[in-house]
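Participant: Pasting the sequence and the predicted model now:
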Amino acid sequence: MKGLNKRDLFDVLSLQRGALECSQVDELQTKVIQNLENIFNPQDVFFYLAHPSEQRIDFNRGVWAYGDENLVTQYYKYYYKLDPLFDKYFSLNRDVFCIEEVISIQYLLSTEYYNDYLTPSSAHYIMYVVLRSVRKPLALIGMCRSRGETNFSFQERAKAKLLSSYLSAVLEKNIILNEIRKREFVLSSITEDVLNKGIIVLNDSLELIYMNKIASNIISTLFQEAECKENPSCIPQFLYQCCKNFRESINLKESPETHQQQSNQVTYCSKQPILVSLSFLNPDDKIPLFLILLEPNKIMLFLYPNLKKIGLTPREVEVINFLCQGLTNKEIADRLFVSEHTIKNHLFNIFEKIGVKNRTSLVEKVIHLTT
(Lines give C-alpha, C1' and ligand atoms only; values in the text may rest on other atoms or scores of the structure.)
Protein backbone atom coordinates (compact mmCIF):
# COMPACT_ATOMS: atom_id res chain seq x y z
CA MET A 1 0.00 0.00 0.00
CA LYS A 2 1.22 3.50 -0.84
CA GLY A 3 3.15 5.16 1.98
CA LEU A 4 3.89 1.96 3.88
CA ASN A 5 7.35 0.47 4.27
CA LYS A 6 8.50 -3.09 4.93
CA ARG A 7 8.27 -2.61 8.70
CA ASP A 8 4.67 -1.48 8.40
CA LEU A 9 3.76 -4.53 6.32
CA PHE A 10 5.58 -6.80 8.80
CA ASP A 11 3.50 -5.27 11.64
CA VAL A 12 0.27 -5.91 9.73
CA LEU A 13 1.21 -9.53 8.99
CA SER A 14 2.26 -10.14 12.60
CA LEU A 15 -1.04 -8.82 13.92
CA GLN A 16 -2.99 -10.87 11.39
CA ARG A 17 -1.07 -14.03 12.33
CA GLY A 18 -1.76 -13.50 16.03
CA ALA A 19 -5.43 -12.76 15.40
CA LEU A 20 -5.88 -15.95 13.38
CA GLU A 21 -4.67 -18.00 16.35
CA CYS A 22 -7.61 -16.80 18.48
CA SER A 23 -10.73 -18.94 18.71
CA GLN A 24 -12.79 -16.74 21.08
CA VAL A 25 -13.94 -13.15 20.54
CA ASP A 26 -12.69 -11.88 23.92
CA GLU A 27 -9.35 -13.63 23.32
CA LEU A 28 -9.12 -11.86 19.97
CA GLN A 29 -9.86 -8.48 21.57
CA THR A 30 -7.09 -8.93 24.12
CA LYS A 31 -4.58 -10.19 21.55
CA VAL A 32 -5.28 -7.33 19.15
CA ILE A 33 -4.87 -4.75 21.91
CA GLN A 34 -1.49 -6.21 22.85
CA ASN A 35 -0.33 -6.01 19.23
CA LEU A 36 -1.62 -2.47 18.76
CA GLU A 37 0.31 -1.36 21.83
CA ASN A 38 3.53 -2.60 20.24
CA ILE A 39 2.77 -1.18 16.80
CA PHE A 40 1.39 2.29 17.62
CA ASN A 41 2.66 2.88 21.18
CA PRO A 42 -0.56 4.58 22.37
CA GLN A 43 -1.30 5.81 25.88
CA ASP A 44 -4.37 3.57 25.96
CA VAL A 45 -6.33 1.23 23.66
CA PHE A 46 -9.92 0.04 23.76
CA PHE A 47 -11.79 -2.50 21.64
CA TYR A 48 -15.61 -2.54 21.74
CA LEU A 49 -17.92 -4.80 19.80
CA ALA A 50 -20.87 -3.15 18.09
CA HIS A 51 -24.27 -3.44 19.74
CA PRO A 52 -26.23 -6.19 17.95
CA SER A 53 -29.34 -4.11 17.30
CA GLU A 54 -28.30 -0.44 17.66
CA GLN A 55 -25.79 1.76 15.82
CA ARG A 56 -23.47 2.13 18.82
CA ILE A 57 -20.84 0.30 20.83
CA ASP A 58 -21.93 -2.41 23.26
CA PHE A 59 -20.91 -1.41 26.78
CA ASN A 60 -21.05 -5.05 27.90
CA ARG A 61 -18.49 -6.26 25.35
CA GLY A 62 -15.48 -3.99 25.61
CA VAL A 63 -11.81 -4.45 26.56
CA TRP A 64 -9.39 -1.70 27.63
CA ALA A 65 -5.61 -1.89 27.92
CA TYR A 66 -5.04 0.52 30.81
CA GLY A 67 -8.41 2.21 31.21
CA ASP A 68 -9.09 3.56 34.68
CA GLU A 69 -12.06 1.45 35.83
CA ASN A 70 -13.68 4.42 37.51
CA LEU A 71 -13.42 6.57 34.35
CA VAL A 72 -14.75 3.73 32.20
CA THR A 73 -17.75 3.37 34.50
CA GLN A 74 -18.33 7.12 34.38
CA TYR A 75 -18.41 6.96 30.59
CA TYR A 76 -21.08 4.22 30.64
CA LYS A 77 -23.19 6.10 33.16
CA TYR A 78 -22.90 9.68 31.96
CA TYR A 79 -20.17 10.86 29.60
CA TYR A 80 -21.30 8.84 26.59
CA LYS A 81 -24.17 11.33 26.38
CA LEU A 82 -21.62 14.12 25.93
CA ASP A 83 -19.36 12.24 23.53
CA PRO A 84 -19.81 14.18 20.25
CA LEU A 85 -19.10 11.02 18.23
CA PHE A 86 -21.05 8.45 20.25
CA ASP A 87 -23.89 8.06 17.75
CA LYS A 88 -21.64 8.70 14.72
CA TYR A 89 -18.84 6.13 15.02
CA PHE A 90 -20.52 3.64 12.70
CA SER A 91 -22.41 6.08 10.47
CA LEU A 92 -19.43 8.13 9.22
CA ASN A 93 -18.57 5.50 6.58
CA ARG A 94 -14.89 5.79 7.49
CA ASP A 95 -12.74 2.84 8.44
CA VAL A 96 -10.04 4.96 10.10
CA PHE A 97 -10.27 8.55 11.34
CA CYS A 98 -8.86 10.82 13.99
CA ILE A 99 -11.11 12.91 16.18
CA GLU A 100 -9.99 16.24 14.66
CA GLU A 101 -11.06 15.03 11.20
CA VAL A 102 -14.69 14.95 12.37
CA ILE A 103 -14.99 17.85 14.81
CA SER A 104 -12.84 20.94 15.28
CA ILE A 105 -10.22 20.88 18.02
CA GLN A 106 -11.34 24.35 19.17
CA TYR A 107 -14.84 23.06 19.78
CA LEU A 108 -13.62 19.84 21.42
CA LEU A 109 -11.39 21.74 23.88
CA SER A 110 -14.38 23.78 25.03
CA THR A 111 -16.60 20.80 25.86
CA GLU A 112 -17.34 19.24 29.23
CA TYR A 113 -16.56 15.88 27.63
CA TYR A 114 -12.98 16.90 26.91
CA ASN A 115 -12.25 18.80 30.13
CA ASP A 116 -13.95 16.49 32.61
CA TYR A 117 -13.45 13.12 30.93
CA LEU A 118 -10.71 13.03 28.27
CA THR A 119 -8.26 15.24 30.20
CA PRO A 120 -8.31 13.10 33.40
CA SER A 121 -7.77 10.04 31.23
CA SER A 122 -4.81 11.75 29.47
CA ALA A 123 -6.45 11.37 26.07
CA HIS A 124 -5.95 14.20 23.57
CA TYR A 125 -5.16 12.58 20.22
CA ILE A 126 -7.51 9.71 19.37
CA MET A 127 -7.49 7.47 16.30
CA TYR A 128 -10.53 5.28 15.69
CA VAL A 129 -10.60 2.08 13.64
CA VAL A 130 -14.01 0.72 12.61
CA LEU A 131 -14.36 -2.96 11.78
CA ARG A 132 -17.22 -3.90 9.45
CA SER A 133 -18.72 -6.85 7.67
CA VAL A 134 -20.56 -6.43 4.39
CA ARG A 135 -23.85 -6.16 6.27
CA LYS A 136 -23.13 -4.25 9.47
CA PRO A 137 -20.52 -2.70 11.78
CA LEU A 138 -18.69 -5.20 13.97
CA ALA A 139 -16.49 -3.21 16.36
CA LEU A 140 -14.75 0.03 17.25
CA ILE A 141 -11.09 0.24 18.24
CA GLY A 142 -9.73 3.44 19.73
CA MET A 143 -6.10 4.41 20.40
CA CYS A 144 -5.30 7.43 22.56
CA ARG A 145 -2.24 9.60 23.09
CA SER A 146 -1.71 12.40 25.57
CA ARG A 147 -1.32 16.06 24.65
CA GLY A 148 2.44 15.86 25.22
CA GLU A 149 2.86 13.15 22.57
CA THR A 150 2.65 13.41 18.79
CA ASN A 151 -0.57 12.92 16.88
CA PHE A 152 -1.06 9.82 14.74
CA SER A 153 0.78 10.33 11.45
CA PHE A 154 -0.70 9.80 8.00
CA GLN A 155 1.52 6.74 7.68
CA GLU A 156 0.11 5.30 10.91
CA ARG A 157 -3.42 5.98 9.69
CA ALA A 158 -2.67 4.18 6.42
CA LYS A 159 -1.33 1.21 8.36
CA ALA A 160 -4.42 1.18 10.58
CA LYS A 161 -6.63 1.18 7.48
CA LEU A 162 -4.83 -1.88 6.12
CA LEU A 163 -5.16 -3.58 9.50
CA SER A 164 -8.89 -2.89 9.63
CA SER A 165 -9.65 -5.01 6.56
CA TYR A 166 -7.78 -8.03 7.95
CA LEU A 167 -9.22 -7.66 11.44
CA SER A 168 -12.78 -7.29 10.16
CA ALA A 169 -12.58 -10.66 8.43
CA VAL A 170 -11.07 -12.43 11.45
CA LEU A 171 -13.53 -10.86 13.89
CA GLU A 172 -16.54 -11.78 11.76
CA LYS A 173 -15.31 -15.38 11.60
CA ASN A 174 -14.94 -15.52 15.41
CA ILE A 175 -18.37 -13.98 16.00
CA ILE A 176 -19.99 -16.58 13.75
CA LEU A 177 -18.08 -19.44 15.45
CA ASN A 178 -19.05 -18.07 18.85
CA GLU A 179 -22.73 -18.05 17.90
CA ILE A 180 -22.46 -21.63 16.62
CA ARG A 181 -20.87 -22.74 19.90
CA LYS A 182 -23.62 -21.03 21.88
CA ARG A 183 -26.32 -22.74 19.85
CA GLU A 184 -24.63 -26.10 20.38
CA PHE A 185 -24.47 -25.37 24.11
CA VAL A 186 -28.15 -24.42 24.15
CA LEU A 187 -29.19 -27.61 22.39
CA SER A 188 -27.08 -29.77 24.72
CA SER A 189 -28.56 -27.98 27.77
CA ILE A 190 -32.18 -28.54 26.81
CA THR A 191 -33.64 -31.49 28.69
CA GLU A 192 -36.43 -33.77 27.50
CA ASP A 193 -39.01 -32.24 29.84
CA VAL A 194 -38.96 -28.94 27.91
CA LEU A 195 -38.91 -30.32 24.38
CA ASN A 196 -42.69 -29.89 24.07
CA LYS A 197 -42.53 -26.22 25.06
CA GLY A 198 -41.68 -23.10 23.14
CA ILE A 199 -37.97 -22.39 23.64
CA ILE A 200 -36.26 -19.03 23.11
CA VAL A 201 -32.66 -18.20 24.05
CA LEU A 202 -31.34 -14.62 24.13
CA ASN A 203 -27.80 -13.48 24.88
CA ASP A 204 -26.91 -10.88 27.50
CA SER A 205 -27.63 -8.10 24.97
CA LEU A 206 -31.11 -9.62 24.39
CA GLU A 207 -30.16 -10.74 20.88
CA LEU A 208 -31.85 -13.90 19.59
CA ILE A 209 -29.59 -16.97 19.76
CA TYR A 210 -32.11 -19.77 19.30
CA MET A 211 -35.85 -20.29 18.85
CA ASN A 212 -37.58 -23.61 18.27
CA LYS A 213 -40.57 -24.14 16.01
CA ILE A 214 -43.07 -24.30 18.89
CA ALA A 215 -42.03 -20.87 20.14
CA SER A 216 -42.18 -19.49 16.60
CA ASN A 217 -45.73 -20.82 16.20
CA ILE A 218 -46.85 -19.38 19.55
CA ILE A 219 -45.45 -15.96 18.65
CA SER A 220 -46.87 -15.88 15.13
CA THR A 221 -50.36 -17.07 16.15
CA LEU A 222 -50.94 -15.49 19.57
CA PHE A 223 -48.94 -12.30 19.94
CA GLN A 224 -50.53 -9.14 18.64
CA GLU A 225 -47.52 -7.06 17.60
CA ALA A 226 -47.76 -6.43 13.86
CA GLU A 227 -44.08 -7.15 13.32
CA CYS A 228 -44.47 -10.55 15.02
CA LYS A 229 -47.33 -11.44 12.70
CA GLU A 230 -45.07 -10.86 9.71
CA ASN A 231 -41.89 -12.24 11.25
CA PRO A 232 -42.18 -15.29 13.56
CA SER A 233 -38.58 -14.76 14.70
CA CYS A 234 -39.57 -11.41 16.21
CA ILE A 235 -39.42 -11.29 20.00
CA PRO A 236 -42.44 -9.56 21.61
CA GLN A 237 -41.48 -6.50 23.59
CA PHE A 238 -42.94 -7.81 26.83
CA LEU A 239 -40.46 -10.74 26.74
CA TYR A 240 -37.57 -8.29 26.53
CA GLN A 241 -38.98 -6.50 29.55
CA CYS A 242 -39.38 -9.80 31.43
CA CYS A 243 -35.67 -10.51 30.85
CA LYS A 244 -34.64 -7.05 32.02
CA ASN A 245 -36.77 -7.35 35.16
CA PHE A 246 -35.41 -10.83 35.85
CA ARG A 247 -31.81 -9.65 35.49
CA GLU A 248 -32.43 -6.66 37.76
CA SER A 249 -34.14 -8.81 40.40
CA ILE A 250 -31.05 -11.03 40.60
CA ASN A 251 -28.59 -8.22 39.90
CA LEU A 252 -25.86 -10.76 39.11
CA LYS A 253 -23.85 -9.67 42.16
CA GLU A 254 -22.33 -13.11 42.30
CA SER A 255 -20.82 -15.08 39.44
CA PRO A 256 -23.61 -15.81 36.91
CA GLU A 257 -23.09 -19.57 37.13
CA THR A 258 -24.18 -19.52 40.80
CA HIS A 259 -27.67 -18.33 39.90
CA GLN A 260 -30.27 -21.01 39.52
CA GLN A 261 -33.31 -18.78 40.13
CA GLN A 262 -36.29 -19.11 37.89
CA SER A 263 -39.14 -16.73 37.22
CA ASN A 264 -42.57 -17.96 36.23
CA GLN A 265 -45.47 -15.77 35.22
CA VAL A 266 -48.64 -15.92 33.18
CA THR A 267 -49.26 -13.50 30.35
CA TYR A 268 -52.22 -13.18 28.02
CA CYS A 269 -51.85 -13.41 24.28
CA SER A 270 -54.95 -13.08 22.14
CA LYS A 271 -56.86 -13.57 25.42
CA GLN A 272 -55.15 -16.92 26.00
CA PRO A 273 -52.90 -17.38 29.05
CA ILE A 274 -49.33 -18.44 28.36
CA LEU A 275 -46.95 -19.57 31.11
CA VAL A 276 -43.58 -17.83 30.69
CA SER A 277 -40.59 -19.33 32.55
CA LEU A 278 -37.24 -17.53 32.71
CA SER A 279 -33.87 -18.87 33.83
CA PHE A 280 -30.17 -18.53 33.00
CA LEU A 281 -27.91 -20.74 30.93
CA ASN A 282 -24.18 -20.34 31.47
CA PRO A 283 -21.89 -21.20 28.52
CA ASP A 284 -18.13 -21.50 28.69
CA ASP A 285 -17.54 -17.77 28.21
CA LYS A 286 -19.46 -17.17 31.48
CA ILE A 287 -21.75 -14.60 29.86
CA PRO A 288 -25.26 -15.71 30.87
CA LEU A 289 -27.93 -16.54 28.32
CA PHE A 290 -31.63 -16.09 28.96
CA LEU A 291 -33.67 -19.29 28.59
CA ILE A 292 -37.34 -18.49 27.95
CA LEU A 293 -39.92 -21.29 27.97
CA LEU A 294 -43.42 -20.62 26.59
CA GLU A 295 -46.21 -23.02 27.51
CA PRO A 296 -49.98 -22.66 27.21
CA ASN A 297 -51.28 -22.98 30.78
CA LYS A 298 -53.98 -25.63 30.34
CA ILE A 299 -55.68 -25.14 33.71
CA MET A 300 -55.70 -21.37 33.34
CA LEU A 301 -56.88 -21.72 29.75
CA PHE A 302 -59.95 -23.43 31.15
CA LEU A 303 -60.39 -21.05 34.07
CA TYR A 304 -59.81 -17.77 32.29
CA PRO A 305 -63.22 -17.41 30.59
CA ASN A 306 -65.05 -18.09 33.88
CA LEU A 307 -62.84 -15.77 35.91
CA LYS A 308 -63.20 -13.05 33.30
CA LYS A 309 -67.01 -13.25 33.62
CA ILE A 310 -66.63 -12.49 37.32
CA GLY A 311 -64.78 -9.31 36.38
CA LEU A 312 -61.21 -10.25 37.25
CA THR A 313 -58.35 -8.52 35.47
CA PRO A 314 -55.56 -10.50 33.75
CA ARG A 315 -53.16 -9.62 36.59
CA GLU A 316 -55.68 -10.82 39.21
CA VAL A 317 -55.96 -14.12 37.32
CA GLU A 318 -52.16 -14.41 37.44
CA VAL A 319 -52.27 -13.95 41.22
CA ILE A 320 -54.94 -16.65 41.53
CA ASN A 321 -52.84 -19.01 39.43
CA PHE A 322 -49.85 -18.66 41.75
CA LEU A 323 -52.03 -18.79 44.84
CA CYS A 324 -53.47 -22.13 43.71
CA GLN A 325 -49.90 -23.40 43.37
CA GLY A 326 -49.43 -22.74 47.10
CA LEU A 327 -47.18 -19.68 46.81
CA THR A 328 -47.02 -17.10 49.60
CA ASN A 329 -47.68 -13.41 49.00
CA LYS A 330 -43.93 -12.73 48.99
CA GLU A 331 -43.27 -15.54 46.49
CA ILE A 332 -46.04 -14.25 44.21
CA ALA A 333 -44.61 -10.71 44.46
CA ASP A 334 -41.16 -12.01 43.48
CA ARG A 335 -42.57 -13.87 40.47
CA LEU A 336 -44.44 -10.80 39.24
CA PHE A 337 -41.68 -8.29 40.10
CA VAL A 338 -44.00 -6.20 42.30
CA SER A 339 -44.17 -5.44 46.02
CA GLU A 340 -45.86 -7.67 48.59
CA HIS A 341 -48.18 -4.75 49.36
CA THR A 342 -49.37 -4.78 45.71
CA ILE A 343 -50.21 -8.50 45.98
CA LYS A 344 -52.22 -7.86 49.16
CA ASN A 345 -54.21 -5.20 47.29
CA HIS A 346 -54.86 -7.63 44.42
CA LEU A 347 -56.07 -10.29 46.88
CA PHE A 348 -58.39 -7.79 48.56
CA ASN A 349 -59.97 -6.96 45.19
CA ILE A 350 -60.18 -10.65 44.24
CA PHE A 351 -61.93 -11.53 47.55
CA GLU A 352 -64.42 -8.73 46.94
CA LYS A 353 -65.20 -9.81 43.36
CA ILE A 354 -65.49 -13.53 44.06
CA GLY A 355 -67.28 -13.10 47.40
CA VAL A 356 -64.84 -14.89 49.72
CA LYS A 357 -62.98 -13.83 52.86
CA ASN A 358 -59.74 -15.79 52.81
CA ARG A 359 -57.29 -17.71 50.62
CA THR A 360 -58.72 -21.12 51.51
CA SER A 361 -62.21 -20.14 50.42
CA LEU A 362 -60.78 -18.64 47.25
CA VAL A 363 -58.99 -21.88 46.32
CA GLU A 364 -62.17 -23.88 47.00
CA LYS A 365 -64.11 -21.49 44.76
CA VAL A 366 -61.55 -21.89 41.96
CA ILE A 367 -61.65 -25.69 42.29
CA HIS A 368 -65.44 -25.50 42.01
CA LEU A 369 -65.10 -23.54 38.78
CA THR A 370 -62.99 -26.34 37.27
CA THR A 371 -65.50 -29.09 38.02
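Facilitator: Perfect, I can see it now. Numbers count the residues shown, from 1 in each chain.

Participant: so what's residue 206 closest to, chain neighbours aside?
Facilitator: Nearest non-adjacent residue to residue 206, counting by Cβ to Cβ, 6 or more residues apart in numbering: residue 240, 5.5 Å away. Where C-beta positions appear, they are placed from N, C-alpha and C, glycine not excepted.

Participant: Assumed the one you found was part of a helix.
Facilitator: Yes: counting by DSSP: H, G, I helix; E, B strand; the rest coil, residue 240 is found in a helix.

Participant: Residue 207 is in contact with that one, correct?
Facilitator: No: using Cβ atoms under 8 Å, residue 240 is not in contact with residue 207; the gap is 10.6 Å.

Participant: related to what we said a few turns ago, tell me how many other residues crowd the residue nearest to residue 206.
Facilitator: 13 (other Cβ atoms under 10 Å).

Participant: and if you look at residue 363?
Facilitator: Applying other Cβ under 10 Å, we find 15 residues neighbouring residue 363.

Participant: pLDDT wise, what is the closest residue to it other than its chain neighbours at?
Facilitator: Using Cβ to Cβ, 6+ apart and skipping residues adjacent in sequence, the residue nearest residue 363 is residue 324, 5.8 Å away. Per-residue confidence for residue 324 comes out at a pLDDT of 78.

Participant: May I have the beta-bridge partners of residue 125?
Facilitator: residue 145 (DSSP bridges).

Participant: Domain parsing of this structure, as residue ranges.
Facilitator: 6-180, 191-296, 297-371 (automatic domain parsing).

Participant: and the ones you listed, which one is worst for confidence?
Facilitator: Among those, domain 191-296 has the lowest mean pLDDT, at a mean of 71.

Participant: next structured bit after the longest helix anywhere in the chain?
Facilitator: The longest helix of the chain (DSSP state H) is helix 154-189. Sequence order places strand 198-202 as the next helix or strand after helix 154-189, per DSSP states H and E.

Participant: and that next one, which strands flank it?
Facilitator: strand 208-211 (antiparallel), strand 289-296 (antiparallel).

Participant: what are the ranges of the strands in the protein?
Facilitator: For the chain, the strands defined by DSSP state E occupy 44-50, 57-64, 96-98, 125-132, 137-145, 198-202, 208-211, 263-269, 272-281, 289-296.

Participant: Could you list every helix and strand in contact with the fifth one?
Facilitator: Using 3 or more Cβ pairs under 8 Å, 6 or more residues apart in numbering; DSSP states H and E as the contact criterion, the secondary-structure elements in contact with strand 137-145 are helix 25-40, strand 44-50, strand 125-132, helix 154-189.

Participant: next one: the fourth one
Facilitator: The helices and strands touching strand 125-132, judged by 3+ Cβ pairs under 8 Å, 6+ apart, are strand 96-98, strand 137-145, helix 154-189.

Participant: Kindly present those as TSV, with separate columns for distance to residue 234 and mean neighbour count.
Facilitator: Shown next, in TSV, are these (distance: least, Cβ to Cβ, whole Å; neighbours: other Cβ atoms under 10 Å):
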stretch	distance to residue 234	mean neighbour count
strand 96-98	35	19
strand 137-145	22	22
helix 154-189	19	17
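
Participant: Mind putting the ones you listed into JSON lines with distance to residue 49?
Facilitator: Shown next, in JSON lines, are those (distance: least, Cβ to Cβ, whole Å):
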{"stretch": "strand 96-98", "distance to residue 49": "18"}
{"stretch": "strand 137-145", "distance to residue 49": "5"}
{"stretch": "helix 154-189", "distance to residue 49": "8"}
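
Participant: out of the ones you listed, nearest to residue 236?
Facilitator: Closest to residue 236 of those, according to Cβ to Cβ: helix 154-189, at 19.8 Å.

Participant: how far is that closest one from where the chain is centred?
Facilitator: Centre-to-centre, helix 154-189 and its host chain are 18 Å apart (Cα atoms, centre = their mean, to the nearest Å).

Participant: helices and strands around it, which ones?
Facilitator: On a contact count with 3+ Cβ pairs under 8 Å, 6+ apart, helix 154-189 meets helix 6-20, helix 25-40, strand 96-98, strand 125-132, strand 137-145, strand 208-211, strand 272-281, strand 289-296.

Participant: Repeat the analysis, applying 7 Å as the threshold.
Facilitator: Under the contact definition 3 or more Cβ pairs under 7 Å, 6 or more residues apart in numbering; DSSP states H and E, helix 154-189 sits against helix 6-20, helix 25-40, strand 96-98, strand 125-132, strand 137-145, strand 208-211.

Participant: Put together a markdown table for those, with distance to residue 334 on each row.
Facilitator: Formatted as a markdown table, the helices and strands packed on helix 154-189 follow (distance: least, Cβ to Cβ, whole Å):
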| stretch | distance to residue 334 |
| --- | --- |
| helix 6-20 | 45 |
| helix 25-40 | 33 |
| strand 96-98 | 49 |
| strand 125-132 | 42 |
| strand 137-145 | 38 |
| strand 208-211 | 26 |
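
Participant: Out of the ones you listed, which is closest to residue 59?
Facilitator: strand 137-145 (11.8 Å).

Participant: and for the closest one, what are the contacting residues?
Facilitator: With contacts defined as Cβ atoms under 7 Å, 6 or more residues apart in numbering, strand 137-145 is touched by 36, 40, 42-50, 57, 89-90, 123-132, 168, 171-172, 175.

Participant: again, but for stretch 54-63
Facilitator: By Cβ under 7 Å, 6+ apart, stretch 54-63 touches 26, 29-30, 33, 46-51, 76, 86-87, 89-91, 140, 204-205.

Participant: Can you select the buried ones from those in ChimeraX?
Facilitator: In ChimeraX syntax, the buried subset of the contacts of stretch 54-63 is picked out as below (16 or more other Cβ atoms under 10 Å):
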select :26,29,33,46,47,48,49,50,51,89,90,140,204
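
Participant: Tell me which residues touch residue 199, please.
Facilitator: Applying Cβ under 7 Å, 6+ apart, the residues contacting residue 199 are 190, 212, 215, 293.
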